[in-house]
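A.B. asks: based on what follows, work out the 3D shape:
(2 chains, ligands or ions: 3)
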Amino acid sequence: MNGPGEFICRVSRQVSLGTNYYLIELEAPVLAQTVSPGQFAMLCCGEGFDPFLRRPLSIHQVNKHLGLVSFLYKVRGKGMSWLSRRQSGDQVSLLGPLGRGFNCSKPGSKGLLVGAGVGVAPLLFLASELVDRGWELFILMGGRSESGILRPDTFMEYGEVKIATEDGTSGIQGSILELLADELEKSSFDRLFSCGPVAVLKGVQGMSKEKGIPAELSLDEWMACGVGACMGCVCQSADGSYLRVCREGPVFEAGEVVLSG
Amino acid sequence: MADLAVNLAGIKMENPVMSASGTFGSGVEYDSVFDIGMMGALVTTGLTLESKVGNRPPRLCETPAGLLNAVGLQNPGVDVFIKDVLPEMLDFGVPVIANIAGSTKDEFVEIAEKFSGTGVAGLEINISCPNVKTGGMALGTAPEVAAQVVGSVVESTDLPVIVKLTPNVTNIVELARAVAAAGADALSLINTLLGMVIDVEQRKPMLGNVVGGLSGPAIRPVAVRAVWQVAQAVKIPIIGMGGICTGRDALEFILAGASAVAVGSAFFNDPLAAVRIIKELDEYCGEHGVDRLQDLVGAVWK
Ligand SMILES: Cc1cc2nc3c(=O)[nH]c(=O)nc-3n(C[C@H](O)[C@H](O)[C@H](O)COP(=O)(O)OP(=O)(O)OC[C@H]3O[C@@H](n4cnc5c(N)ncnc54)[C@H](O)[C@@H]3O)c2cc1C
Ligand SMILES: Cc1cc2nc3c(=O)[nH]c(=O)nc-3n(C[C@H](O)[C@H](O)[C@H](O)COP(=O)(O)O)c2cc1C
Ligand code: FES
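C.D. replies: Ligands and ions are numbered 1, 2, ... in the order given. Just a heads-up that it's a prediction; the model follows:
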């Protein structure tokens, strides 16, 4: 595996996806060649030393041919807000590719993607790679309301999409976990892939165990170095020790980790 | 190119820029990012006698101009480290200093003895970690206790012994004098400042460990002051650290009396920080007609 590198990238495009959500596309030819789905980068999101830490963002989409890498993100605070003000032609520094991504080397079978909120970010790159490898995909997307269902049309290019929103403005009214339970009742899958808030990951983990279907979960933890050096970003492993989300993760087999919260 | 070299208590470095313990892993993590062989020296993560799982998460929290951490010395233990990790570190061809963290005086001696003949260039005694229940800072706040630990380690090893001090004391000069008298070959100043952040929505502490150590630019003036005070009170060389992000930051420490500097949290902001700092030190020397960087050590008070 190639190690990470530090790159100064030109912004080729910044697209607003409604309130608080953005898609930023960067010219990063080396990263585009080496990255795999579920991996992430640490982006410098400010000038000078404010904010001090870089922000981890999952790779959302890759165009190997044009050397482009994009990130889908939600503005929560200072860092993402700074990033959202970058325009094409500006520069952004990043460190990547980082972490262990999804295991998609397996030959084609039937997969179910479960993405809640901005947790769909890593699932698009994953979907495109899985489809390339002959997988048949079903995609569940969840959010508070329609504005939090990100890029459903793009996801539809890779498989059948079902949506759940808490207020019922798109898809069924309810939680993505209800949708998941429903789907697992109706048909069988070879593997689940999920990213989103810990409550959703816990639900997926529970159902994966109950149904005996392997699942891969992409975790979120505060990070400082992003490369496995500082031991700051750990989650609890099934054997009680701590695993670095940035190195052993961010994607884990559901049985590997104990989720808190 | 100015002469940036330094001989720190017998540890020969090509330049004064080291990694700060616990922030740089073994260096292998950054191997593909830049040429680790251009660092002055590498300092290992804090090593304990037995392996340590560390504190429960969350372990990090960003703060204004810095971060709070409560890692709690997660490490594989000294034996596994020497067998599996140290060889890779030594391959970089720069001096490697082992940061050791016993929970008692005897444990410090036992760990120190294990490093004899392993190829490390020196030991950094960590009596300043704020994130563990035994040892750490508890052994490093009372001058008599600290001096006993240091004296015992110095007797048990031929390696240069660097003592890393905590700023969480009333009088850091008194502490520095005591460990210098006990035979320390050099001092590292400073470890993190004890701090706390509260999540007002959850009404709970942000860190799993409740309190943690503050690092980064936020603590730099405190660290520069500590180096300035201690450098005038002891004869042994000092490694300065605390929020160093640029060559000019490093120069503040050198002018205050540090012979070498360590870069820690800055790697999180800019993985190329050390490379840049070395370059900026050289540029400063060029611009100011300085032939040997070591001539500037303590220049504000000498
Ligand atoms: C491996 C990984 C991949 C990620 N991928 C994406 C992605 O593709 N798109 C995306 O929108 N977000 C992603 N995130 C989360 C993203 O890193 C945070 O939202 C971002 O750091 C917020 O920065 P900020 O400066 O805008 O907010 P801040 O001002 O730092 O924080 C705003 C609020 O968010 C909370 N917060 C900030 N960072 C985190 C975090 N890492 N975990 C939990 N809570 C946090 C803070 O406690 C605070 O309440 C990912 C996180 C990880 C670890
Ligand atoms: C995540 C983290 C882990 C650390 N671990 C250790 C350690 O194991 N041993 C030690 O002596 N100091 C440790 N430190 C303290 C640093 O080595 C350094 O003294 C301190 O962070 C101040 O420098 P800085 O502001 O440049 O980071 C740690 C600091 C951080 C941020
Ligand atoms: S962020 Fe430093 S080890 Fe993961």
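
A.B. asks: and the gap between residue B:196 and residue B:205?
C.D. replies: 6 Å (CB to CB, to the nearest Å). (C-beta placed from N, C-alpha, C; glycine too.)

A.B. asks: nope, residue B:144 is what I meant
C.D. replies: 33 Å.

A.B. asks: related to what we said a few turns ago, need the residues touching each of residue B:196 and residue B:205.
C.D. replies: residue B:211 (CB atoms under 8 Å, 6 or more residues apart in numbering or on different chains).

A.B. asks: now residue B:180, what are its backbone angles?
C.D. replies: phi -60, psi -40 (degrees, to the nearest 10).

A.B. asks: residue contacts, it?
C.D. replies: Counting by CB under 8 Å, 6+ apart, residue B:180 has contacts B:187, B:234-236.

A.B. asks: residue B:144 and residue B:205: which is more packed in?
C.D. replies: Higher neighbour count among residue B:144 and residue B:205: residue B:205, with 17 against 8, using other CB atoms under 10 Å in any protein chain shown.

A.B. asks: and the closest residue to chain A within the stretch 151-300 of chain B, backbone torsions?
C.D. replies: Nearest residue of the stretch 151-300 of chain B to chain A, counting by CB to the nearest CB: residue B:268, 4.3 Å away. Main-chain torsions, residue B:268, degrees, to the nearest 10: phi -70, psi -30.

A.B. asks: could you count how many residues lie near residue 228?
C.D. replies: Unless you meant another one, I'm taking chain A. Neighbour count for residue A:228, taken as other CB under 10 Å: 19.

A.B. asks: oops, I was thinking of chain B
C.D. replies: Considering only other CB under 10 Å, residue B:228 is surrounded by 21 other residues.

A.B. asks: quick check: which element contains it?
C.D. replies: helix B:220-231 (DSSP states H and E).

A.B. asks: can you name the residue of the stretch 101-250 of chain B nearest ligand 3?
C.D. replies: Closest contact between the stretch 101-250 of chain B and ligand 3, by CB to the nearest ligand atom, is at residue B:215 (13.2 Å).

A.B. asks: ok, back up a step: what comes up buried for the helix holding residue B:228?
C.D. replies: B:220, B:222-231 (16 or more other CB atoms under 10 Å in any protein chain shown).

A.B. asks: now name the helix or strand holding residue B:110.
C.D. replies: Going by DSSP H and E, residue B:110 is part of helix B:105-114.

A.B. asks: now do the end-to-end distance for stretch B:93-101.
C.D. replies: 25 Å (CA to CA, to the nearest Å).

A.B. asks: so is that stretch next to ligand 2?
C.D. replies: Yes - looking at stretch B:93-101 against ligand 2 by CB under 6 Å from any ligand atom, the contacts come from residue B:99.

A.B. asks: so how many other residues sit close to residue A:217?
C.D. replies: Neighbour tally, residue A:217, other CB under 10 Å: 28.

A.B. asks: burial count for residue A:108?
C.D. replies: Neighbours of residue A:108 (other CB under 10 Å): 13.

A.B. asks: oh sorry, the question was meant for residue B:248
C.D. replies: Residue B:248: 12 neighbours (other CB under 10 Å).

A.B. asks: how about residue A:117, what does it touch?
C.D. replies: Applying CB under 8 Å, 6+ apart to residue A:117 gives the contacts A:74, A:142-144, A:148, A:150, A:196-197.

A.B. asks: state the next helix or strand along the chain beyond the strand ranked longest in chain A.
C.D. replies: Criterion DSSP state E: the longest strand present in chain A is strand A:5-16. The helix or strand immediately downstream of strand A:5-16 is strand A:21-27, counting by DSSP H and E.

A.B. asks: the residue in the stretch 101-250 of chain A that ligand 2 sits nearest to in helix, strand or coil?
C.D. replies: Closest contact between the stretch 101-250 of chain A and ligand 2, by CB to the nearest ligand atom, is at residue A:230 (4.2 Å). Put simply, residue A:230 is coil when judged by DSSP: H, G, I helix; E, B strand; the rest coil.
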